[in-house]
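Enquirer: please work out how this folds:
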Amino acid sequence: MIYNYLKIAFRSLLKYRFIFFTNLFGLTVGFTCCLLIFTYILHEVSYDKYNKNADRTYRVTRLFRNSETGATNLHLGAVAPPFAPLLANDFKEIEKITRILTTGNFSIRYQDKIFNEDNGIFADEYFFDLFDVKVSKGNPANALKDPYTIMLTEEIAQKYFGKEDPMNKLIRLDNQATFKVTGIFKPLPSNAHFHPRMLLSFNTLKDSTVYGEENLRTNWGNNAFYTYMLLPANYDASKLEAQFPAFLDRHMNPGAPVKTSKWTQLFLQKLTDIHLHSHLDSELDENGDIKRVYIFSAIALFILLIACINYMNLSTARSVLRAKEIGIRKVVGAERKELIFQFLGESTLITWMSLILAMLLTWQLLPFLNQLSGQTLSITSLLHWQIILPILAAPFVVGLIAGIYPALFMSSFKPVKVLKGFMKSGGANISFRQVLVTTQFAISIMLIIATAVVYRQLKYMQEKSLGFDREHIVTLSFNDGLNGRYDAFRTALLSNTNIKSIARSSRIPTGRLLDAQGASLEKGDTLASVNADIKNVNVDQDFITTYGVKVAAGRSFSRDYGLDTAGFMINQAAVKALGLPSDEAAVGKNFRYGDQKGKIIGVFNDFHFESMHQRIIPLVLVMPKHGNYGRMSVKVAGNNMPAALAHIENTWKQFLPEIPFDYTFLDDRFADLYKSEQQQGTIFTLFSCIAIAIACLGLFGLSAFAITQRIKEIGIRKVIGASVSNIVLLLSKDFLKLVGIAAVIAFPVAWYAMNSWLQDFAYRSTIAWWIFAAAGIIAVAIALFTISFQAIKAATANPVKSLRNE
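Expert: This next block holds a predicted model:
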């Protein structure tokens, strides 16, 4: 019997080739998009699960709050170095604990090879107990036990040593320290939340010339150490978290009038939650976003739903053509359930064919998706039995969803009526098909609106004034080798007319503002501490000039005033946070920040130091007494960039011959801030266009069939004088009404969804009314274009032929 069903199904599909290929194409594209998106989702939710103890591993995070208001000032993914040993000592349920510290950029020299590197971390001997790292050479148990030892990835080892055995070779870091290579490891998988290329012995930090054992034991302010712990199986981490306030009060400032737990807290964050659920103020790598996973999951379902609706519409529409077949089969004894099984068999067969084609297309298109998304997705993520079984079940589920209504509808035909020719494609089935078409276009309109809002926000972020001049700024690392020689280096740079200015700072725009110290402001005859969180950046006299920041009141730092270490500059947000009535009122006020005391010499306009995701926050610019700079910014004239870069490089090599020259453009750094949103917008637009195309394909097929059913009516209307435009309007207006209804449904849903999405941005564009109007017009134009092809063809046909055929 099954063989008979399949044979009839094949005959039916081949008999109505146009509808068959329309359905096959729509379902294939739908399945392909779903598989591509499913591959992306599987990759996103798999982060860090490759570690055998992933479900028992937690990261310690630290939150800072205002002790008076309780407002959160900062939440970091890293903590101070004393926490790890104290936690291990106080809580016996902690089985293992490890700390890592990022190295930043540094140079490595081996013989005549010298390169700048990044993505190195200081790791202790317990690192390998918590993270699964494949070590190809060396013993992970003791490779990092001794100070000044280092492990390299295979790629880095090949870069420096070629075919030589790298083990026990000596390399020079930043021309300051010599490290011995004690191991080679394979890179961490792409679904790890951090990707070090070098592991340096944590014990190296105990050297007082590097960091110092005393600092590791007592420095509570340097929250740069990412700390992970291993807890027992099935242990409730919240029980440990509940003991942290007492732990903080016991070890930090015991006996202080304000308990430590009032202004800082520790939390535990599950390792597998970091990538999708953690958006803290400090992270090792850029994380994903669970909202993005939800958005693309919805798009995948929308696309598949539209393809299923196409199948329902076209299958019920062609019911008139199969009415006599159904009537005859019922007359000769076929039961309704047999007909239902036959029609469901047809829908399942076509979904199976679509799935096979979709698997082949997914395999071919994954490299293209990787290029667009910057991911490293692989078809192998689908080749696990937990994934294969649902995929193999998909054709039955989709076949049932797409085929159940046509099966129930067509199997309900009365044989007497259909054999007498009384069966027409009308009644309730038309109403239901109208609902389906409306649903398709409501989804399409929502996707058009969403795409417009996404691109409008991206354009807003790229074009909004930042409050300073970011054009033609080259950024460099500030190397300690320039200490004591910076003035000569600066003079050498400025000797070329292509260089306009140069400045030093602890951070540069595009970096996060994480540094903060206590502030006090003049109140009467004394300095009173202020209840405000004010971040700071160390700068020199040329920072304001180099970046073109506008001074709102007072003056800027200037070489005319020497080092100016007794002066502070604050932004307008800080003026408000300090409760001062105006910018002018702030100038001349006695002010203390950290251990520096002086006066506020100037107020500068608010500018976007961080990305548009963060609000402009109170900021003080400090000229430190003892340097403490990390970056340099060189303002270039811009009319001869190659010559300017050549001069900067030559000057660098003159003063720092042992350090490779490396630079970035500030513009590129700002572009990188929104790279993930740009990629998301491109992929979103691509899949939205595909969804709309599938909807148009279904509308094309449905309109073609509907027009075919009205050939006699069109012929009669032409005979009695109807024009081509009248007939086209007649055939189009029913579908255009459905588009109008779809727009009414889609507009409020799209507004709510996109307004929620925009809340992730501190500075965002508005959802303008014209976006909805444009989406509606585009939907009408698409529908009209799709329908008009068939409508014009029918309207221009010879009425004699259509009436004779009827």
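Enquirer: in three-state terms, label the nearest residue to Glu584 once chain neighbours are set aside for me.
Expert: Distances taken as C-beta to C-beta, 6 or more residues apart in numbering place Ala553 nearest to Glu584, at 4.8 Å, with adjacent residues excluded. Quick note: C-beta positions are derived from backbone N, CA and C, even for glycine. Classification of Ala553 using DSSP: H, G, I helix; E, B strand; the rest coil returns strand.
Enquirer: Trp220 contacts Val79, doesn't it?
Expert: No: Trp220 is beyond contact range of Val79, at 9.3 Å (criterion: C-beta atoms under 8 Å).
Enquirer: measure the residue nearest to Glu584 to Val60 for me?
Expert: 43 Å (C-beta to C-beta, to the nearest Å).
Enquirer: neighbour-wise, which of the two wins?
Expert: The neighbour count for Ala553 versus Val60, taken as other C-beta atoms under 10 Å, is higher for Val60 (24 against 20).
Enquirer: pretty sure that one sits in a strand.
Expert: Yes: counting by three-state DSSP, one finds Val60 located in a strand.
Enquirer: in the sheet, who's paired with it?
Expert: Beta-bridge partners for Val60, by DSSP bridges, are Thr227, Leu268.
Enquirer: what's it in contact with, if anything?
Expert: Val79, Phe83, Ala84, Leu87, Thr227, Tyr228, Met229, Leu266, Phe267, Leu268, Gln269 (C-beta atoms under 8 Å, 6 or more residues apart in numbering).
Enquirer: can you tell me the closest non-neighbouring residue to the last one?
Expert: Distance criterion C-beta to C-beta, 6+ apart; nearest residue to Gln269, sequence neighbours excluded, is Arg59 at 4.6 Å.
Enquirer: ok, so of the contacts of Val60, who is nearest Gly26?
Expert: Of all the contacts of Val60, Gln269 has the smallest distance to Gly26: 43.3 Å, by C-beta to C-beta.
Enquirer: and the closest one, how many neighbours?
Expert: If we define neighbours as other C-beta under 10 Å, then Gln269 has 18 of them.
Enquirer: helices of the stretch 601-750 of the chain, start to end?
Expert: Here the stretch 601-750 of the chain has its helices, by DSSP state H, counting those that start in this stretch, at 641-655, 666-673, 675-708, 711-719, 724-758.
Enquirer: name the residues that touch the shortest one?
Expert: Identification of contacts with helix 666-673 by C-beta under 8 Å, 6+ apart yields Leu466, Arg470, Glu471, Ile473, Val474, Thr475, Ile508, Pro509, Thr510, Ser611, Ser633.
Enquirer: let me see the backbone angles for the fourth one.
Expert: When quoted as degrees, to the nearest 10, the phi and psi of Ile473 stand at phi -110, psi 120.
Enquirer: which pLDDT value goes with it?
Expert: In this model, Ile473 is scored at 93, pLDDT.
Enquirer: list the contacts of it.
Expert: Residues in contact with Ile473 (C-beta under 8 Å, 6+ apart) are Thr546, Tyr547, Ser633, Val634, Lys635, Val636, Phe665, Leu666, Asp667.
Enquirer: which of these are buried?
Expert: Thr546, Tyr547, Ser633, Val634, Lys635, Val636, Phe665, Leu666 (16 or more other C-beta atoms under 10 Å).
Enquirer: got a markdown table for those, with pLDDT too?
Expert: Output for the buried ones among the contacts of Ile473, formatted as a markdown table (pLDDT from 0 to 100):
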| residue | pLDDT |
| --- | --- |
| Thr546 | 93 |
| Tyr547 | 93 |
| Ser633 | 94 |
| Val634 | 94 |
| Lys635 | 94 |
| Val636 | 93 |
| Phe665 | 91 |
| Leu666 | 90 |
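Enquirer: looking at these, spot the one nearest Tyr674.
Expert: Closest to Tyr674 out of the buried ones among the contacts of Ile473 is Leu666 (14.1 Å), distances taken as C-beta to C-beta.
Enquirer: give the closest residue to the closest one in space, chain neighbours not counted.
Expert: Ile473 (4.1 Å).
Enquirer: go on, Ser506?
Expert: Among residues not flanking Ser506 along the chain, Asn538 sits closest, at 3.9 Å (C-beta to C-beta, 6+ apart).
Enquirer: same question, Gln678
Expert: Nearest non-adjacent residue to Gln678, counting by C-beta to C-beta, 6+ apart: Leu458, 6.1 Å away.
Enquirer: in three-state terms, label that neighbour for me.
Expert: Of the three states, Leu458 takes helix under three-state DSSP.
Enquirer: tally up the residues packed near it, please.
Expert: Leu458 has 17 neighbouring residues, counting by other C-beta under 10 Å.
Enquirer: quick one: contacts for it?
Expert: Neighbouring residues of Leu458 by C-beta under 8 Å, 6+ apart: Tyr674, Glu677, Gln678, Gly681.
Enquirer: how does it look with 10 Å?
Expert: Tyr674, Glu677, Gln678, Gln680, Gly681, Thr682, Ser765 (C-beta atoms under 10 Å, 6 or more residues apart in numbering).
Enquirer: where does the prediction get shaky in the stretch 101-250 of the chain?
Expert: The stretch 101-250 of the chain contains no residues with pLDDT under 70.
Enquirer: 90 - rerun?
Expert: 103-108, 111-119, 124-125, 141-142, 162-163, 173-177, 190, 208-210, 221-222 (pLDDT under 90).
Enquirer: where do the strands of it begin and end?
Expert: Using DSSP state E, counting those that start in this stretch, the strands found in the stretch 101-250 of the chain span residues 106-110, 113-117, 120-123, 135-137, 149-153, 170-173, 177-185, 198-201, 225-230.
Enquirer: my reading is that Gln265 is in a helix; is that accurate?
Expert: No: Gln265: not assigned to a helix; according to three-state DSSP it is strand.
Enquirer: thought Pro245 was touching it, still the case?
Expert: Yes: when contacts are counted by C-beta atoms under 10 Å, Gln265 is listed as touching Pro245 (7.0 Å).
Enquirer: the bottom helix or strand of this structure by mean pLDDT?
Expert: Taking mean pLDDT, DSSP states H and E as the measure, the chain has helix 415-419 as its least confident helix or strand, at a mean of 56.
Enquirer: biggest helix in this structure, by residue count?
Expert: Assignment by DSSP state H gives helix 336-373 as the longest helix of the chain.
Enquirer: which residues does the residue nearest to Glu584 contact?
Expert: 570, 572, 575, 582-588, 600-605.
Enquirer: quick one: the residue nearest to Asn142 when sequence neighbours are not counted from Pro140, how far?
Expert: Nearest residue to Asn142 in three dimensions, chain neighbours excluded: Glu125, at 7.1 Å (C-beta to C-beta, 6+ apart). Separation of Glu125 from Pro140 (C-beta to C-beta) stands at 8 Å.
Enquirer: follow-up on the earlier one: which neighbours do Trp220 and Val79 have in common?
Expert: With C-beta under 10 Å, 6+ apart, Trp220 and Val79 have common neighbours Thr264.
Enquirer: pull out the buried positions in the strand or helix carrying Val293.
Expert: Per DSSP states H and E: Val293 is located in helix 290-317. Of the residues in helix 290-317, those buried by neighbour count under the rule 16+ other C-beta under 10 Å are 292-293, 295-296, 298-300, 302-317.
Enquirer: pick out the most distant pair among the contacts of Ala553.
Expert: Maximum pairwise distance among these (C-beta to C-beta): 18.9 Å, between Gly588 and Asn605.
Enquirer: still on that earlier bit, would you confirm that the residue nearest to Ser506 contacts Gly627?
Expert: Yes: assessed by C-beta under 10 Å, Asn538 is found in contact with Gly627 at 8.1 Å.
Enquirer: between these two, who's got more neighbours?
Expert: Asn538 (19 against 15).
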